[in-house]
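sequence first, predicted coordinates after that:
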Amino acid sequence: MRSRIPLLLAPFLALLLAGCGIGGTAVERGDRDQILHVNLGVIPESLDPHLTTSVAGYTALSALLEGLVGEDPHDLSPVPGVAERWEISEDQLEYTFYLRENARWSNGDPVTSDDFLFSYQRMLSPALGAKYAYMLFPVKNAEAFYLGEVEDFSEVGFEAVDDRTLKIRLEHPTAYFLSLLNNACWWPVHPPTILAHGRIDEPATSWSRARNFIGNGPFALTEWEIGRPIRTEPNPHYWDAETVRLNGIVFHTIESLDTEERAFLSGQLHVTNNIPAGRINHYLENFPEILHSHPLFGVYFYRINVEHEPFNDPRVRRAISLAIDQEAIVSSVIQGHFEPALHFTPPTSEYVAEARIGFDVEKARELLAEAGYPNGEGFPPFDLLFNTQEAHRRIAEAIQQMLRTNLNIRVDLYNQEWQTFLASVASKNYHVARGSWIGDYLDPNSFLDLWITDGGNNNTGWSNPEYDELISKAARTADTKLRLDYFQQAEAILIEESPVIPIYHYMSNYLLRPSVKNWHSNRLDRHPFKYIYLDPEG
């Protein structure tokens, strides 16, 4: 039977679909005044593009900053950004970018090649602690500078030929290089502002607060205080200001999915970040016009701290992985609309991982016994950490029960608020912790290079020289078939040693009001804000 609309929600949905209603809601005012209300889901850990690692941080910053290239709003293919054009050498090792003469920071200063050089040097400075520093390693000597093997930054493959010409020389051809430039770690920061609040490599200064922030994107930051929405207004100095139709964006930071849904239905949001899994069928059957559901290039997983015993034994990690039934979690706990993840990397048109985890309780018990814990005897209780959200709790409780039933081991559940949770994972103050990853570009490398030794986002303590070498070989070859084969071998090692346990591959499920225009679905779930506008008529 079709689910019935709860009486309390029916009026709101009727108003929503009619495009009109009681005056005075944030959405109605927003539609009239071109103010978009978006929920980020969590509070960004930073609005410093070189320090943020969350999707929430990226989303907010994508309105405030712009790199050398931008993204097409339909398919996210690289389009001119600060650089009006570029040239690529025949050997694909040198990129020359020609910056726009009218590119400006939000205070009116010109955006120059030296600004990008300053930003790249900052990103690669070890003292900054940028977890995404490895994203710049395709550049000649970038990794060597980061590791201290090269001390003179002028030896790194960046050159400001003049104020408006920037050359980047690579260590090896990188097929996805232009798409890589749309990661926030490649976006420029305003040098005078950085230096006015600290050293070039000093983290956590006050430069990114609203009263200090200088950006070069289509919008300027006007307000950001912890616990309050992030507010922006158009940047009048933006080179393409004529394209920008919104008069502002309000980024909300509502973590509870139920609260987020209520905010949408009561006219406080134009678009949600997510939707309770149990409500997807309701909207699918009753209001498909406002439900957006499409594959997302991402994975929900658990990371294991291999520096804690007994998790330093790969047999233990593999046993835990085999004792978790991903299909049952998807079908019963989160009620479908996701794909069980039997491998880590989500599939692409070119790559589908051959390695598989499988659900095999008998094999899991054998491995645990081999590791010295027959029937779970003597296995120490361990903590499973997740950030506060009901969906995460339900999945954690299901895993807790599976491991108790299948392996006779005790798991204690702990939840923390988002910022505290991030700090715990970063400092490896956990046994097993929830994780998620959305690809930065549509390539397996965006997932598999996470787990190289001492990778900025590894946070497991896991290291495997053979794995590192395969990822390095994949980066150095221009042979697509060979490159994908290296990834297959690396994924097989990742599954066998199990420093991470994939649970499901994401679908993007959210609610979007009909008044929001030029918002296009894509596998990275990115929506360049400069093209978006609001139409009260829907």
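Structure's in. What do you need?

just the strands in the stretch 51-200 of the chain please.
69-71, 78-80, 83-88, 94-99, 158-162, 165-169 (DSSP state E, counting those that start in this stretch).

so which of the ones you listed gets nearest Leu195?
Set against Leu195 and scored by Cβ to Cβ, the strands of the stretch 51-200 of the chain come closest in strand 158-162, at 17.5 Å. C-beta coordinates here come from the backbone N, C-alpha and C atoms, glycine included.

tilt between that closest one and strand 165-169?
160 degrees (axes from the mean of the first three to the mean of the last three Cα atoms, to 10 degrees).

quick one: the helices in the stretch 401-538 of the chain, in order.
Taking DSSP state H, counting those that start in this stretch as the test, the helices found in the stretch 401-538 of the chain are 418-426, 445-448, 465-476, 480-497.

could you say which of those is packed most deeply?
helix 445-448 (a mean of 24; mean count of other Cβ atoms under 10 Å).

related to what we said a few turns ago, a markdown table please, covering the helices of the stretch 401-538 of the chain and showing mean pLDDT.
Putting those into a markdown table (pLDDT from 0 to 100) gives the following:
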| stretch | mean pLDDT |
| --- | --- |
| helix 418-426 | 94 |
| helix 445-448 | 96 |
| helix 465-476 | 95 |
| helix 480-497 | 96 |
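
quick one: closest of these to Ala371.
helix 480-497 (13.5 Å).

quick one: distance of that closest one to the chain centre.
Computed by Cα atoms, centre = their mean, to the nearest Å, the chain-centroid distance of helix 480-497 equals 22 Å.

tell me what that helix is packed against?
When contacts are defined as 3 or more Cβ pairs under 8 Å, 6 or more residues apart in numbering; DSSP states H and E, helix 480-497 packs onto helix 314-322, helix 445-448, helix 465-476.

contacts for that helix?
175, 314, 317-318, 321, 343-345, 350-351, 353-357, 444-445, 448, 451, 462, 464, 466-467, 470-471, 473-474, 477, 500 (Cβ atoms under 8 Å, 6 or more residues apart in numbering).

okay, the spatially most central residue of the chain and Phe251: tell me how far apart.
What sits nearest the mean C-alpha location of the chain, by Cα atoms, centre = their mean, is Val55, with 3.8 Å. Taking Cβ to Cβ, to the nearest Å as the measure, Val55 falls 12 Å from Phe251.

can you check Gly227 too?
13 Å.

between those two, which one's more packed in?
More crowded of Gly227 and Phe251, by other Cβ atoms under 10 Å: Phe251, with 21 against 6.

now do the shared contacts for Val55 and Phe251.
Leu40.

and Gly24, how many neighbours?
The number of residues near Gly24, taken as other Cβ under 10 Å, comes to 8.

can I take it that it is in a strand?
No: using DSSP: H, G, I helix; E, B strand; the rest coil, the assignment for Gly24 is coil, not a strand.

tell me the confidence at it?
With respect to pLDDT, Gly24 has a value of 88.

domain parsing for this protein?
Taking automatic domain parsing as the reference, the chain has its domains at 1-65+217-272+512-538, 66-205, 296-508.

so for the second one, first residue to last residue, what's the gap.
In this case it means domain 66-205. Start to finish, the residues bounding domain 66-205 are 21 Å apart (Cα to Cα, to the nearest Å).

average pLDDT for it?
96.

what about that domain, distance to the chain center?
20 Å.

test my guess that His527 contacts His520.
Yes: between His527 and His520 there is a contact at 6.9 Å, judged by Cβ atoms under 8 Å.

looking at the two, which is more packed in?
His527 (21 against 14).

thinking again about what came up before, redo the strands of the stretch 51-200 of the chain as CSV? Include distance to Leu221 and mean neighbour count.
Shown next, in CSV, are these (distance: least, Cβ to Cβ, whole Å; neighbours: other Cβ atoms under 10 Å):
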stretch, distance to Leu221, mean neighbour count
strand 69-71, 19, 22
strand 78-80, 24, 16
strand 83-88, 23, 15
strand 94-99, 23, 20
strand 158-162, 27, 16
strand 165-169, 25, 19
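
would you format the helices of the stretch 401-538 of the chain as CSV with distance to Leu76 included?
Output for those, formatted as CSV (distance: least, Cβ to Cβ, whole Å):
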stretch, distance to Leu76
helix 418-426, 26
helix 445-448, 13
helix 465-476, 22
helix 480-497, 20
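
figure out which of the helices and strands packed on helix 480-497 is closest to Arg410.
helix 314-322 (12.6 Å).

so what's the gap between that closest one and the chain middle?
For helix 314-322, the distance to the chain centre is 27 Å (Cα atoms, centre = their mean).

that helix vs helix 480-497, what angle?
Going by the same axes, to 10 degrees, helix 314-322 makes 100 degrees with helix 480-497.

what's the first helix or strand after helix 314-322?
helix 326-328 (DSSP states H and E).

tell me the mean pLDDT for that next one?
Helix 326-328 comes out at a mean pLDDT of 95.

count the neighbours of Gly372 for me.
Count around Gly372 with other Cβ under 10 Å applied: 13.

what's the spacing between the closest residue to it other than its chain neighbours and Arg410?
Distances taken as Cβ to Cβ, 6 or more residues apart in numbering put Gly378 closest to Gly372, at 7.1 Å, once the chain neighbours are dropped. Gly378 sits 12 Å away from Arg410, going by Cβ to Cβ.

with His74 instead?
Distance from His74 to Arg410, by Cβ to Cβ: 50 Å.

contacts only, for Arg404.
Arg410, Val411.
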